Structures are given as structure tokens and as C-alpha cells.
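# give me a 3D structure for the following:
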Amino acid sequence: MKKIWVLFLLCKLSLLVGQTSTNSTGSGDFNFTGTWASPKDLTGNANVLTGHTITIPNITTVYSNKITFNGTAKLVLTNNSSKWVAANSMNVAPTIESINNSINWSSSSVYVNDAYGVSHYTPWIDATQAWSAGTVNNPNDYLQYDLQSPRWVQGIVTQGRGNMAQWVTSAKVETSIDNVNWAVASTGLTLNSDQNTKVYNNFSNVMLARYVRVTPITNFSYPSMRLGILFRENILRSCKEILAAFPGSASGTYIIDPDGLAGAQPNTTCYCDMTTDGGGWTLVLNYLHAGGINNPLLLKTNSLPLLGSTTLGTDESASTTTWGHTSNSYLNSFTFSELRFYGKTNANTRIMHFKTSHSGTISYFKTGTGSASGIQAGFTALAGHNALLPANSISFFSNQGNNAMTEFPFWNNGAYHWGIYGYAYRWEMDDFNNSSTYHTHHQIWIR
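Predicted coordinates for the structure are as follows:
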């Protein structure tokens, strides 16, 4: 049974402040921030003005205290997966996000100005230490989390400092769409009374927010805190689902649940490309290899590689975060119908960039049995593609198991190869050098 955050909700809803109201600015999707004059107030009262038609997209739930209509104003449900729910309706077992990734965190101050990841700035849930404010009882000290795109947020979860008796006992919480205009979710949430107990607090209203800012008010010993965000909606299964539910989402790091709440796989961090060819791509293979280095592959059985550098010559082989590819069985837990290949090398000036829905290749990567034969006639070139593969492929390794994506899935003998640690020493991208001499970058995405 998948682990779900079961809440013994220690919800102190003291002095909670709901959002007020906002007007529509024109016709459009409900969850487009540009559809509303003040998106930060969206889950108060959403007022649809005369002449405007607001659409709730497919597989989307929106939250507000009230929706009012003026004149000829309309609200359109796309289908039976489009819903409106009152903003005070909470998820009793919400998923949380609290990623160890520097781009997701910022703060107004940190104790003795430690940089991210060092000593007093480890703010994620279950970190060995915590974020510690720069001073005591300074109303300008805050910790802030960036969800990378607007999400329906219903509260926060906090812990004290993991290695010392320090914690925040109460705090002000604000949310924002744009990191400029802020809505107050609570003027004074009651938080922790010890170091490690996770304290869950719902807001009075679900908030549409990208940024969540927590400002300590009172503390025990010193204001130190670990923070996570509670979602009203359960985590989605892929980057494609995230983009469908939250149009306009930025490329970056997200939490997904590949087989849904009912499945056996845990939630995992992924990297989403939300722009290329319409976006919605999930990264499943990433190897940025420096010439002259020949380190082994990293097989991931319940996690995904993230995007690091994209500069040729960078050696990422020591990274367990950005170096690696999925196993057949783990890839099989994802629902997708397209693959996207990207590759470059300093051995030539060509770029490989194409997508394919070739069922044989998808099956091969999911099972390790079969081959990619047929991909040469079943692909679509994308921006920048000038590689000779896969069009010139005439040979295909088969039955390579967990190395189906890496061990020469398509090639042209003695001329052009897609090889990642092939034969345990060859790194080739649309060339044949029979070595690990050149810098290479290989990626595979799914959608």
C-alpha cells in the first residue's frame, strides 16, 4: 500500500485570513492567471463580468468561496472531469512537496549567511538540520518556497530543527502567484512544540499560489524550521498531466506519482520540459559525459534523473541526481505514448532532436525485449535536428533488458551510432569513434 500522509490534523486555525474577491478580465480558462484582475484573490469570490466566458479545463478542479455572474457572463465545464468546489473544502490526506533543490527555496536571511545546502540552510522536511533565521524576532526574516507553477495549496507542514531544540511556535503565512502581489493566508498559525513532530496546518481557504512565504512570529530558543507545502489536489502522474491541469507551468523540477495513489510506486522528483513541442515532457534518461571519462551507467528503479548542466565537457558522472536512466519495470509504471530523443557531441556539429510514437521502440524500452527496428521510418524531426540518425539506421541491438535505451538501440554500422557506455566503453552520438574520447550529451523524454 502506498504511503499516504495521514493527518492527525493539528490544525490550529487561529486568526486565519481568507482571500477576498477578483474580477474576470476577459474570456479564458479559469486557471489562467491572466484571466483575472487579481489572481491572488481568486479563491475568495470570483466575479465573472458580463460578456466573459470562463472555462474550467479538462481534469481540472477550481476553488473559490463563490462565483458570481454579471449580465451575460458564463461558466463552462469542459466535461465531467471539470469541477468547481468551495474553497473551504480541504483534502483530508493531502500530498506534500518539500524538495532538496536550491531553485525551489529562498529566504530573506539565514543564520550567519550560510549558503543553500550548508549548515543552517537545509529547509526541507526531514532534513538533518533546518533553516535558521538570520536574527531572533525580526519580522523581516522569512522562508519561502517556489512551486515553479501556480498550484492549489491548502496549507503547510512544519518541523523544528532536527539536531537541536529550536522551533517556530507561530508564524504568518502568505501566498503569491508572481512573487510581487501577496495574499495573507494566516496572520498567526500555531506551529511546532518540539523538534521533529510534523505539524500540519490547513488555511481557511484553498489558495492558488506559486510562492508560499512563512514568517516566524514566536519561537522556542531560536527560529529554526523545516517546511513543506500541502496540496489540495493529489500529485499528478506526469509532466503532461501537470501541464494539462496547470497551463503555463514553467519547465523545472516537480513531484509526480507515476502510477497514481492506488499504485505501488512512491512519489518521485522529476524534471519537466514545459515548452518544447508543446511541453509536457518527463525526463527519463540523462547522461552528460565528459570526453576521456568512462564511468558506468546508473540504473534508477524508483526515481528519475533531473536536468543539471547542458554544457558539453561537463562531467556529471559522479552525480546520483542528474546521471542515470530508468529501469524497464519503472518505465513501465508510466503512461505515455511518445518518446523524445536529444543528443549532441563535440565529435561533430550535428544535433539529434526528434520524437516518435513507434510502438515497437516504446515496448522495447518498457520491457527490455524486442528492438527499436522501425523507428527509422516512424519519427518526426524537431527544432534543430540535423542528425543522420535515426533516418539512416540499418541495425538495432535487441533484447538488452535495462540497457535497451543505452546499448545501441539504433545505428549504422561503422558510421553513425547512438551509444551510451556501449560495450562498456563507447560514447557515441551520430558518429563512430569506438571510444569515450569525445564529450556527449544524451537525453530521452516521455509524454
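# which parts of this protein are helices?
Taking DSSP state H as the criterion, the chain carries its helices at 239-245, 328-331, 359-367.
# quick one: closest of those helices to Gln265.
Checking those against Gln265 by CB to CB gives helix 328-331 as the closest, at 7.4 Å. Bear in mind the C-beta positions are built from the backbone N, C-alpha and C, glycine included.
# quick one, grab the pLDDT at the nearest residue to Ile229 once chain neighbours are set aside.
Leaving aside its chain neighbours, Ile229 sits nearest to Glu97 (5.0 Å; criterion: CB to CB, 6 or more residues apart in numbering). Glu97 is assigned 90 on the pLDDT scale.
# Glu97 against Gly228, yeah?
Yes: counting by CB atoms under 8 Å, Glu97 touches Gly228, with 6.5 Å between them.
# what sits against the residue nearest to Asn58 when sequence neighbours are not counted?
Leaving aside its sequence neighbours, Asn58 sits nearest to Thr78 (CB to CB, 6+ apart; 4.8 Å). Shown in contact with Thr78 (CB atoms under 8 Å, 6 or more residues apart in numbering): 55-58, 60.
# and Thr78, how far is that from Ile56?
6 Å (CB to CB, to the nearest Å).
# please apply the same query to Ile444.
Counting by CB to CB, the gap from Ile444 to Ile56 is 34 Å.
# what does Leu283 give?
For Leu283, the distance to Ile56 equals 30 Å [CB to CB].
# neighbour count winner among the two?
Shown here are Leu283 and Ile56; by other CB atoms under 10 Å, Leu283 has more neighbours (23 against 20).
# show me the strands in the stretch 151-300 of the chain, by range?
167-176, 182-190, 199-220, 224-231, 252-256, 268-273, 281-289, 299-300 (DSSP state E, counting those that start in this stretch).
# for Thr128, which of those strands is the nearest?
Closest to Thr128 of the strands of the stretch 151-300 of the chain is strand 224-231 (CB to CB; 9.8 Å).
# may I have that closest one as PDB, with CA atoms only?
The C-alpha coordinates for strand 224-231 follow below in PDB (Å, rounded to 0.1, in the frame of the first residue of the first chain):
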ATOM      1  CA  SER A 224      14.500  27.300  13.100                       C
ATOM      2  CA  MET A 225      12.100  25.500  10.800                       C
ATOM      3  CA  ARG A 226      11.700  22.800   8.100                       C
ATOM      4  CA  LEU A 227       8.800  23.400   5.700                       C
ATOM      5  CA  GLY A 228       6.600  21.600   3.300                       C
ATOM      6  CA  ILE A 229       3.500  22.600   1.200                       C
ATOM      7  CA  LEU A 230       0.200  20.800   1.400                       C
ATOM      8  CA  PHE A 231      -1.700  20.400  -1.900                       C
END
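# circling back: hmm, which of the contacts of Thr78 is lowest in pLDDT?
The weakest per-residue confidence within these falls on Asn58 (74).
# Throw the strands of the stretch 151-300 of the chain into JSON lines and include mean pLDDT, thanks.
Formatted as JSON lines, the strands of the stretch 151-300 of the chain follow (pLDDT from 0 to 100):
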{"stretch": "strand 167-176", "mean pLDDT": "97"}
{"stretch": "strand 182-190", "mean pLDDT": "95"}
{"stretch": "strand 199-220", "mean pLDDT": "96"}
{"stretch": "strand 224-231", "mean pLDDT": "97"}
{"stretch": "strand 252-256", "mean pLDDT": "88"}
{"stretch": "strand 268-273", "mean pLDDT": "94"}
{"stretch": "strand 281-289", "mean pLDDT": "98"}
{"stretch": "strand 299-300", "mean pLDDT": "98"}
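# so which of these is nearest Ile362?
Smallest distance to Ile362 across the strands of the stretch 151-300 of the chain (CB to CB): 11.6 Å, for strand 281-289.
# against which helices or strands is that closest one packed?
If contacts are counted by 3 or more CB pairs under 8 Å, 6 or more residues apart in numbering; DSSP states H and E, strand 281-289 sits against helix 239-245, strand 268-273, strand 324-326, strand 416-422, strand 440-446.
# among those, which gets the worst mean confidence?
Mean pLDDT values for the helices and strands packed on strand 281-289 show the minimum at helix 239-245, a mean of 89.
# show me the contacts for Ile256.
Taking CB under 8 Å, 6+ apart as the criterion, Ile256 is in contact with 235-239, 241-242, 267-268, 270, 282.
# quick check: the closest residue to it other than its chain neighbours vs Tyr342, distance?
Closest residue to Ile256 apart from its sequence neighbours, by CB to CB, 6+ apart: Cys270 at 5.2 Å. To Tyr342, Cys270 is 16 Å away according to CB to CB.
# so between these two, which is more surrounded?
The residue with more neighbours, out of Cys270 and Tyr342, is Tyr342; 26 against 23, by other CB under 10 Å.
# that one against Lys355, yeah?
No: in this structure, Tyr342 is not within contact of Lys355 by CB under 8 Å, at 9.9 Å.
# who's the residue positioned nearest the centre of the chain bridged to?
When CA atoms, centre = their mean is applied to the chain, the residue found nearest the centroid is Tyr254 (1.0 Å). Applying DSSP bridges to Tyr254 gives these bridge partners: Cys270.
# for it, give me its contacts.
For Tyr254, the contacting residues are 148, 239, 242, 269-272, by CB under 8 Å, 6+ apart.
# if you set the cut-off to 6 Å instead, what comes out?
Taking CB atoms under 6 Å, 6 or more residues apart in numbering, we find Tyr254 in contact with 242, 270, 272.
# tell me the pLDDT at the closest residue to the first one other than its chain neighbours?
Same thing as Ile242. Of all residues not flanking Ile242 in the chain, Leu236 sits nearest, at 5.1 Å (CB to CB, 6+ apart). Leu236 is assigned 86 on the pLDDT scale.
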